[in-house]
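K.L.:
Give me coordinates for this.
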Amino acid sequence: MNINRPGRSGALGGRAAGHAGGITAENLTKVFHVSARRPGRFSAVRSLISLQRVARTAVDGVSFQIQPGELVAFLGPNGAGKSTTIKMLTGILTPSSGRVEVNGLVPHRERIANARRVGAVFGQRSQLWWDLPARDSLSVLADIHGVGPELFRERVAAFDRILELSAFWDTRARQLSLGQRVRCDLAAALIHDPAVLYLDEPTIGMDVVVKEQVREFLRDQVENRGRTVVLTTHDMTEVERLAERVILINHGRIVYDGDLNTLRRNHSDTDGPDGNADLEDVMRRAFGRQAASELLGEGGEAASGVEAAAGGEAASSGDVGVSAGSGVEAASSTDAVSGGDVEAGVGPGAKTGGRPKAAIS
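P.N.:
Below you'll find the model as predicted:
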């Protein structure tokens, strides 16, 4: 069931009108060509001699529109296509067909310009330099993005009021706890004031107090700054506390796009106008028990299905990952390993020994 909801275009927090913060996807499709393993005793040898490749559709005709100033939870079980969709929105992957625009730009065609207008905090990929104090990493990123000293101090002070960064920002990144590092990564992703922020499990592994700090910070960014936020998470409490709108994806297709109350009414056996069913139970009814257990993080974190089968597909297709201080990198460990891929970034990356791979001036 698709529901078209008007966005909060009036809450731009001083941003210019127009494309700032808007996301549009029309019939977005991504097909990967992966190696097919042959059955039989000597299958590995035969595959080396005569390689067979099969087409796997990870995203199948996805369409949605996110208005500036919306916080949208983008949810689905492992292998449903959500990570592939996010990679196309960030410009890491090129769609097989369809149209995508972010801030009025086509991400895969204008990767550097797009990277300067988005921020991201993705999983375990930190954009802090491991051997530098967190404050120095923020200063380096500010210089890369041309943020002046006075504006830098103002933004860091604003982040500190909610995230309490000053308590640990003189500590080297490698010595920070998970909660401290993620809070610094949030500041790093927003130091250049992007219109769009992508978040993947921003509060995973945090204690209750720190989780609430991060949630308060995200609410402030949406309500007072007009920031557009796309959130993926296994934590349904986070969805209930933050998101007004939910997009559910399964088997590469959108199965629901609307508000939480309507979702509850559609998949609830309780009566009442607001649908008081527990959101985790709603997900089990919407996706089935097994898929919902993956969505809720009960079945482990390993990816499955088409996205896992296509694990290194971007590496052989010549896609380029761009990360301009937003943490947007090729999102699998096999990306940019074979096929001469190029990855540009200003963060240190997970495998660079604490130094940036390539700075974008």
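
K.L.:
Residue 208 - how many residues pack around it?
P.N.:
9 (other Cβ atoms under 10 Å). In this view, the C-beta of every residue, glycine as well, is placed from N, C-alpha and C.

K.L.:
oh sorry, the question was meant for residue 27
P.N.:
Close neighbours of residue 27, defined as other Cβ under 10 Å, add up to 13.

K.L.:
Spit out the contact partners of it.
P.N.:
61-63, 97-99 (Cβ atoms under 8 Å, 6 or more residues apart in numbering).

K.L.:
For the residue nearest to it when sequence neighbours are not counted, give me phi and psi.
P.N.:
Excluding the flanking residues, the one nearest residue 27 by Cβ to Cβ, 6 or more residues apart in numbering is residue 98, at 4.2 Å. Backbone geometry at residue 98, expressed as degrees, to the nearest 10, gives phi 100, psi -180.

K.L.:
for the stretch 51-200 of the chain, what are the low-confidence residue spans?
P.N.:
Residues of the stretch 51-200 of the chain that meet the criterion pLDDT under 70 lie in 123-124.

K.L.:
Now do the strands in it.
P.N.:
Along the stretch 51-200 of the chain, the segments classed as strands by DSSP state E, counting those that start in this stretch run 53-66, 71-75, 97-102, 118-122, 196-200.

K.L.:
Looking at these, spot the one closest to residue 239.
P.N.:
Checking the strands of the stretch 51-200 of the chain against residue 239 by Cβ to Cβ gives strand 71-75 as the closest, at 4.7 Å.

K.L.:
Give me the sheet partners of the closest one and which way each runs.
P.N.:
Strand pairing for strand 71-75, using DSSP bridges, gives strand 228-232 (parallel), strand 245-250 (parallel).

K.L.:
if you compare those strands, which one is most tucked away?
P.N.:
Ranked by mean neighbour count, the strands paired with strand 71-75 are led by strand 228-232 with a mean of 24 (mean count of other Cβ atoms under 10 Å).

K.L.:
Pull the contacting residues for the residue nearest to residue 27.
P.N.:
25-29, 61-63.

K.L.:
cutoff 10 Å now
P.N.:
Residues near residue 98 by Cβ atoms under 10 Å, 6 or more residues apart in numbering: 25-30, 59-63, 88.

K.L.:
again with residue 55
P.N.:
Applying Cβ under 10 Å, 6+ apart, one finds that residue 55 lies in contact with 31-34, 96.

K.L.:
which of those tops the neighbour count?
P.N.:
Tallying neighbours with other Cβ under 10 Å puts residue 32 at the head of the contacts of residue 55, with 24 neighbours.

K.L.:
picking up where we left off before, and residue 210, which of the strands of the stretch 51-200 of the chain is closest to it?
P.N.:
Residue 210 lies closest, by Cβ to Cβ, to one member of the strands of the stretch 51-200 of the chain: strand 118-122, at 14.1 Å.

K.L.:
How about residue 142, nearest residue that isn't a chain neighbour?
P.N.:
residue 152 (4.4 Å).

K.L.:
gap between the one you found and residue 182?
P.N.:
According to Cβ to Cβ, to the nearest Å, residue 152 and residue 182 sit 21 Å apart.

K.L.:
For the stretch 201-350 of the chain, just list every one of the helices.
P.N.:
Using DSSP state H, counting those that start in this stretch, the helices of the stretch 201-350 of the chain run over 208-223, 236-242, 260-266, 279-287, 289-295, 305-309, 313-317.

K.L.:
ugh, wrong one, the stretch 51-200 of the chain
P.N.:
Under DSSP H, counting those that start in this stretch, the stretch 51-200 of the chain gives helices at 82-90, 111-115, 134-144, 149-163, 178-190.

K.L.:
List the buried residues in the last one.
P.N.:
Which is helix 178-190. By 16 or more other Cβ atoms under 10 Å, the buried positions in helix 178-190 come out as 179-190.

K.L.:
Let me have the residues you listed in CSV, adding distance to residue 199 as columns.
P.N.:
Putting these into CSV (distance: Cβ to Cβ, whole Å) gives the following:
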residue, distance to residue 199
179, 15
180, 17
181, 14
182, 10
183, 13
184, 14
185, 10
186, 8
187, 13
188, 13
189, 9
190, 11
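
K.L.:
what's the closest of these to residue 233?
P.N.:
Taking Cβ to Cβ as the measure, residue 233 lies nearest residue 182 of those, at 12.7 Å.

K.L.:
you'd agree residue 280 is up against residue 267?
P.N.:
No. If you go by Cβ atoms under 10 Å, residue 280 and residue 267 don't touch, sitting 11.3 Å apart.

K.L.:
and those two? which has more neighbours close in?
P.N.:
Neighbour totals were compared for residue 280 and residue 267, and residue 267 leads with 18 against 14 (other Cβ under 10 Å).

K.L.:
Surely that one and residue 261 touch.
P.N.:
No. Under the criterion of Cβ under 10 Å, residue 267 makes no contact with residue 261, lying 11.6 Å away.

K.L.:
Please name the bridge partners of the closest residue to residue 200 other than its chain neighbours.
P.N.:
Take residue 200 and drop its neighbours on the chain: the residue closest to it by Cβ to Cβ, 6+ apart is residue 122, 4.5 Å away. Applying DSSP bridges to residue 122 gives these bridge partners: residue 125, residue 200.

K.L.:
hang on, residue 122 packs against residue 204?
P.N.:
No. Between residue 122 and residue 204 there is no contact under Cβ under 10 Å: 11.5 Å.
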